[in-house]
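Colleague: Task: produce atomic coordinates for the following.
(2 chains, ligands or ions: 2)
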Amino acid sequence: MIKIENLHKSYPIGKESLHVLKGIDLHIKEGEFVSIMGSSGSGKSTLLNIVGLLDVHDEGNYFLNGQLIKDMNEKKAALLRNKFLGFIFQSFNLISYKTAVENVALPLYYKGISRKERLEIALDYLDKVGLKDWAEHLPNELSGGQKQRVAIARALVTKPKVVLADEPTGALDSTTTDSVMDLLKDINDEGMTVFVITHEEEVAEQTKRIVRLKDGRIISDELTKASKAV
Amino acid sequence: MFDLDRWREIFQSINKNRLRSVMSGFTVAFAILLFTLLFGVANGLGNFFKGAFADDAQNSMFVRVWKTSKPYKGLQTGRRVQLRNDDYNFVADEYEDKIQYQSARIYKNFSIKYKSEANTYNIRAVNPDHQFLEKTIIDDGRYLNERDLKEKSKVLVIGRLIKKDLFGEKVALGKRVNVNGSSFLVIGVFSDEGGDNEERIAYMPVTTAQSMYGNNDYISQINLGYNPNLSTDAAIAFGKKMERELRKRMDIHPDDQSALSVRNMAEANKFISTVMLALTLIIGFIGSGTLIAGIIGISNIMIFVIKERTKEFGIRKALGAKPSSIVGMVVQESVLITTLAGYAGLTLGTYILSLIGNSLEEDYFIKDPSVGSGIVIGATVILIISGLIAGYLPAKKAANIKPIEALRAD
Ligand SMILES: Nc1ncnc2c1ncn2[C@@H]1O[C@H](COP(=O)(O)OP(=O)(O)OP(=O)(O)O)[C@@H](O)[C@H]1O
Ligand SMILES: [Mg+2]
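Modeller: Residues are numbered from 1 along each chain as shown, chains lettered A, B, ... in the order given. Ligands and ions are numbered 1, 2, ... in the order given. As a prediction, this is how the structure comes out:
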C-alpha cells in the first residue's frame, strides 16, 4: 500500500536547510495498523504529511497503492487524497461554521455525491462513532473527544484505503483516548490501513506494529504483542 | 454552469460569516451609492442649465429697443427708439441665409370677454413663424398663417389658461370673443412649456394689430431664429453684426446698449456648453475616483477574507478539494456579494435621487437629478469584474499553497 525508499526531506530555514528525514525506508502493506513513535522534532509529522500528499519529499521514491508519487500537481494530489486517504489531525481541523454532519459530508461533496445521499452517508458514520444525536451541532458545541470522533467519521466517510492520524489522541484524556483507539481498531479490522503518530506507549501498544524514529532515521521497527495475539 | 451544491456552499459561507460579507458588501454598496448620487446631482445641474433655456427655441435671438442713452449725430439722449416694418424687412432681406424663422412682436394688454366672463390678458401680435420661436404647442385648431396676416383677419390663438378662464370645460374653438371692443374668432388653443404666464397669452396677426390700434407700422420687438447650420461662433458674430447695422440704420450710437440690443441665445449656448464640459470632466473625475476607491476596498477585504480562510482551504484540500474548486468558490462568492451590494447601492441611490426630485431646483440649481441606466450598469459591471479579479488573484494564490502550510495557518 505504502512503499517508501530512501526518502529525504529538508526544510529551508533562511539560507540554511534543516535536514529532517535522512533516508527513510518503510513498507506498509494493506490492512496494517502501524504507529510511529519518536521524540519531538524527530520528523514523524513530516513523514506522515508526505505520505498523505500534504507535503512533498526531496529525494527517494514514494509509491502509494503502487503509483509512483512524483511531480504531483495540486489537482492530481487532491484527487488521490479524496480517493485513497483519510486524515485525522491532533487539532481536529473541523470547519467551524459547518455542523457535525456537514463536516462529515464534505469529502463526499468533493467526490461529487448528491447532497441528500451524502448527508445520509454522513449520518451513518456519525452513528458509527456514537454521535448521531450531535449531528446538527457546530464544532464549538462539542467536547474534544466528540470533535475527534467527528473528524474520524469524516476521515472514514469516503472509505479510504489508508487512514493517517497525527497524534489523534494528543488532546484527549485517557477515557476518550480509549474510545478513539477502539474506533481505529474497528477500522483496521474492517481492512483499512491505519497509520498513527503517537507519543503514548499505551496507544502504540494497541497498534500492531511500532516504527521508532530518531533524528530523521528509523531506529526500530517491530510487531507488538497485540499483533501476535491475533 | 449552475451548480446547486456550489451555491449552497457559498450561501452557507456568506450566511455563517455575516460580518465579513456585510463588510465587503457595504464597501461596494457605498461606492455605488456615492457614484449614483454624484452622477445624479451632476446630471441634475446639467438638466437645470439646459432646462433654464428650454422654453424658447435654442437658436432664438431678440432685437429689442428702448431709449437712447448716448447722444449721436446731434440727436439728444432719451430719444425713444421705434422699430418699424422697414426694419423688419431689412433684417429679412439682409440676412436671409442666416435666418430660419422671423417674427415681429407687438405687446398689447387688453380685456378679452366671452359671454359673462372677462379678464385682462397680455396679447402678442406676431407672424406665423412665432410659433416655432416660442415653441408654442397647438392643442386644438391652428396657429396664425400668412393668409391671416394678409387679410388682417380678426383671429385669436388663445393660451390654455385663457380658455380655462373664459370657457371652462366648453369648446372655445370657433367661438367669438370680444377683444377691447371688437369681435375676434378663436382659431386655436395652445400650451407652452414656459409655465403659466406663457399660457395666459393670446396671439393675433401683427398686421391686424397695426391697423386696428393706431394704424401705423410700429413693432415692439423682432424675434429671430438663426439658421441652425450656423456654428455657435458664427451665430454670435451674426448677432453682433446685425446689432451694429441696425444701430447705424437708426442713427444710434454704436455702443448704445440701452437703445437697441440683440439678445442672442448662441451666447448662452456657448456658456452652457462650456459649463457642461467642465461638469462632465468633474463628473468623470469624481465618478472614476469613487469607483477606484470601491475597487480598492473590495480588493483589500478579499485579501483579508482569504487570509482568514487559508486554514479552511487547507482542510478542504486535505479532504480532496481541487484548487480550481476553491478559486471558483471564492470568486463566485465575491461576485455574488459585489453584484447584490452594487444593486442595493444603486437602488438606494436612485431612490434618494427620486426623493430629491426637483426640490433642490430653486436653491441649488439641481433639476431632476437622475442617472442613465447605461452608466450605472457600466459601473456595476466594472465593480463585478473587479470583484472577480479581487477574489481571483488572492484565491488563486491561497489555493496553490501546499495544504500542509495552509493547515498550519491560523
Ligand atoms: N515548515 C517547516 N519549516 C521549517 N522547519 C520545519 C517545518 N516543519 C517542520 N519543521 C522542522 O522539522 C523538524 C521535524 O518536525 P516534525 O513536525 O516532523 O516533528 P515531529 O516528530 O512531528 O515532532 P512533534 O512530536 O513535536 O510533533 C522539526 O525540527 C521542525 O522544527
Ligand atoms: Mg508532529
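Colleague: C-alpha from now on. contacts and neighbour counts both.
Modeller: Will do.
Colleague: pLDDT weak spots in chain A?
Modeller: Residue ranges of chain A with pLDDT under 70: A:229-230.
Colleague: partner residues bridging the residue nearest to the spatial centre of it?
Modeller: For chain A, residue A:164 is the residue whose C-alpha lies nearest the centre (CA atoms, centre = their mean; 1.5 Å). Counting by DSSP bridges, residue A:164 is bridged to residue A:87, residue A:195.
Colleague: Give the rounded mean pLDDT of the one helix or strand residue B:92 maps to.
Modeller: Assigning secondary structure by DSSP states H and E places residue B:92 in helix B:85-94. Here helix B:85-94 scores 90 as its mean pLDDT.
Colleague: Please identify the buried residues of it?
Modeller: B:87, B:88, B:91, B:92 (16 or more other CA atoms under 10 Å in any protein chain shown).
Colleague: List the contacts of that helix.
Modeller: B:99, B:102, B:104, B:217, B:218, B:219, B:222, B:242, B:246 (CA atoms under 8 Å, 6 or more residues apart in numbering or on different chains).
Colleague: related to what we said a few turns ago, what residues are up against the residue nearest to the centre of chain A?
Modeller: Listed by CA under 8 Å, 6+ apart, the contact set of residue A:164 reads A:48, A:52, A:85, A:86, A:87, A:88, A:194, A:195, A:196.
Colleague: For chain A, what is the nearest residue in the stretch 301-410 of chain B?
Modeller: residue B:320 (4.2 Å; CA to the nearest CA).
Colleague: Verify the stated contact: that residue with residue A:106.
Modeller: No - using CA atoms under 8 Å, residue B:320 makes no contact with residue A:106, being 9.1 Å away.
Colleague: quick one: which of the two has more around it?
Modeller: A direct count of neighbours by other CA atoms under 10 Å in any protein chain shown for residue B:320 and residue A:106 places residue B:320 higher, at 29 against 24.
Colleague: Now do the SS call for that one.
Modeller: coil (DSSP: H, G, I helix; E, B strand; the rest coil).
Colleague: Now the residue in chain B positioned nearest to ligand 1. Nearest residue, chain neighbours left out?
Modeller: Going by CA to the nearest ligand atom, ligand 1 is nearest to residue B:405 of chain B, at 6.9 Å. The shortest distance from residue B:405 to any non-neighbouring residue, by CA to CA, 6 or more residues apart in numbering or on different chains, is to residue B:314 (7.6 Å).
Colleague: circling back: now for the contacts of residue A:164: which two are most distant?
Modeller: Largest separation among the contacts of residue A:164 by CA to CA: A:85 and A:196, giving 13.0 Å.
Colleague: Can you check the pLDDT for the spatially closest residue to residue B:84 that is not a sequence neighbour?
Modeller: Distance criterion CA to CA, 6+ apart; nearest residue to residue B:84, sequence neighbours excluded, is residue B:218 at 4.6 Å. You'll see residue B:218 listed with a pLDDT of 91.
Colleague: dump the residue contacts of residue B:218.
Modeller: Applying CA under 8 Å, 6+ apart, the residues contacting residue B:218 are B:82, B:83, B:84, B:85, B:106, B:210.
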